[in-house]
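*Asks:* need a structure here:
(one chain, ligands or ions: 1)
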Amino acid sequence: MTQSTETPMVELKGVKKRFGDLEVLKGIDLRVDRGRIISIIGPSGSGKSTLLRSINNLEVIDEGSILLDGAQVNRPDLKGLAFERHINHIRQNMGMVFQHFNLFPHLSTLENVTLAPRKLKGMDAGSARELGMELLERVGLADKALSYPSSLSGGQKQRVAIARALAMQPKVMLFDEATSALDPELVEEVNRVMKGLAEEHMTMLIVTHEMAFARDVSDWAMFMDGGVVVEANTPDHLFSHPEQERTQHFLRKHLGAPA
Ligand SMILES: Nc1ncnc2c1ncn2[C@@H]1O[C@H](COP(=O)(O)OP(=O)(O)OP(=O)(O)O)[C@@H](O)[C@H]1O
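*Replies:* Sure thing, here's the model as predicted:
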């Protein structure tokens, strides 16, 4: 990918993370420019979720650095309240969508979406409602504003989760297997919302097992295995001409023979 000279939206340099004896990330370098969409693919256990969780500081890395729009995310120098404040600030700029939607069951759809802007940004009720309705409209669920999560399908819940993440007006969206827990017929409605964000040039990092979607939506695809980036290229190139045996094997298994 041609690199611009502007500050990358997300940048990782030599990121390492271990859990006990297991080194899960073995020195990851990654640069994501503003408005780019990166798909992260790879076998189970290769470290994809750990990578995304580290970017959002849900995991504390052991070595290296992570920058969001030029600001250091990992801050081992900060402790206690100063660290909490820093993390809150970082998380306001990064929306994360998980495999399991984690909506609050006792709040309506609209309240789920408006909770963070009200609590964390101190937005008044009227403005939060306006923003919430705009976002629910965007994910095609304005008519469900007053419904509770228990009455929604999995695909609808995930669309609410996306609206909720967007409510903080983040600079980056991180998707960790957002469609893996959904019945196949519900995947497309969530993919459509993600494609809509891509068209609006939202910067996105997408961990997915859906190769066709990755090929379709992303500017750049990286194949991880064993805690390292084995290959990274444009999806057209990576999916059609994988050069590494490990990538080829994985893609053969998931896509059939390379195109
Ligand atoms: N909190 C944790 N404590 C201990 N080990 C962990 C923890 N989180 C992840 N791991 C281990 O780290 C490795 C990488 O896990 P990770 O979830 O990042 O992989 P993944 O590529 O996202 O896999 P999948 O596609 O199955 O979600 C796995 O061996 C996993 O068991």
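*Asks:* would you map the strands across the stretch 51-200 of the chain?
*Replies:* Using DSSP state E, counting those that start in this stretch, the strands assigned to the stretch 51-200 of the chain run over residues 63-68, 71-72, 94-97, 172-176.
*Asks:* mind showing which ranges of this structure have poor pLDDT?
*Replies:* Within the chain, the set of residues satisfying pLDDT under 70 comprises 1-4, 256-259.
*Asks:* report the central residue of it.
*Replies:* The residue lying closest to the centre of the chain (C-alpha atoms, centre = their mean) is L174, at 1.4 Å.
*Asks:* that one and T208 touch, don't they?
*Replies:* No. Under the criterion of C-beta atoms under 8 Å, L174 is not in contact with T208, lying 11.8 Å apart. From N, CA and C alone the C-beta is placed, and that goes for glycine too.
*Asks:* what residues does the chain put near the ligand?
*Replies:* Selection of the chain residues close to the ligand by C-beta under 6 Å from any ligand atom yields F19, L22, V24, G42, S44, G45, S46, G47, K48, S49, T50.
*Asks:* in the chain, which helix is the longest?
*Replies:* Scanning the chain for the helix with the most residues, using DSSP state H, yields helix 184-199.
*Asks:* and the angle for that one with strand 172-176?
*Replies:* 160 degrees (axes from the mean of the first three to the mean of the last three C-alpha atoms, to 10 degrees).
*Asks:* report the buried residues of helix 184-199.
*Replies:* Within helix 184-199, the residues scored as buried using 16 or more other C-beta atoms under 10 Å are L186, V187, E189, V190, N191, V193, M194, L197, A198.
*Asks:* what do you get for stretch 113-124?
*Replies:* Residues of stretch 113-124 classed as buried by neighbour count (16+ other C-beta under 10 Å): V113, T114, L115, A116, P117, R118, M123.
*Asks:* go on, stretch 16-28?
*Replies:* K16, K17, E23, V24, L25, K26, I28.
*Asks:* state the distance from the fourth one to N74.
*Replies:* What that stands for is V24. Distance from V24 to N74, counting by C-beta to C-beta, to the nearest Å: 15 Å.
*Asks:* next: L58.
*Replies:* According to C-beta to C-beta, L58 stands 12 Å off from N74.
*Asks:* neighbour-wise, which of those two wins?
*Replies:* The neighbour count for L58 versus N74, taken as other C-beta atoms under 10 Å, is higher for N74 (22 against 16).
*Asks:* name the helix or strand for I28, please.
*Replies:* Assigned by DSSP states H and E, I28 belongs to strand 22-32.
*Asks:* next SSE downstream of that strand?
*Replies:* strand 37-41.
*Asks:* leaving out sequence neighbours, find the closest residue to L182.
*Replies:* Of all residues not flanking L182 in the chain, G154 sits nearest, at 4.7 Å (C-beta to C-beta, 6 or more residues apart in numbering).
*Asks:* is the one you found in contact with E185, as I believe?
*Replies:* No. Taking contacts as C-beta under 8 Å, G154 lies outside contact range of E185: 10.1 Å.
*Asks:* residues in contact with L141?
*Replies:* Residues near L141 by C-beta atoms under 8 Å, 6 or more residues apart in numbering: T109, Q156, R159, V160, A163.
*Asks:* any chance of the residues you listed in JSON lines, plus neighbour count and distance to G80?
*Replies:* JSON lines is the format used below for the contacts of L141 (neighbours: other C-beta atoms under 10 Å; distance: C-beta to C-beta, whole Å):
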{"residue": "T109", "neighbour count": "28", "distance to G80": "36"}
{"residue": "Q156", "neighbour count": "21", "distance to G80": "39"}
{"residue": "R159", "neighbour count": "29", "distance to G80": "37"}
{"residue": "V160", "neighbour count": "26", "distance to G80": "34"}
{"residue": "A163", "neighbour count": "27", "distance to G80": "33"}
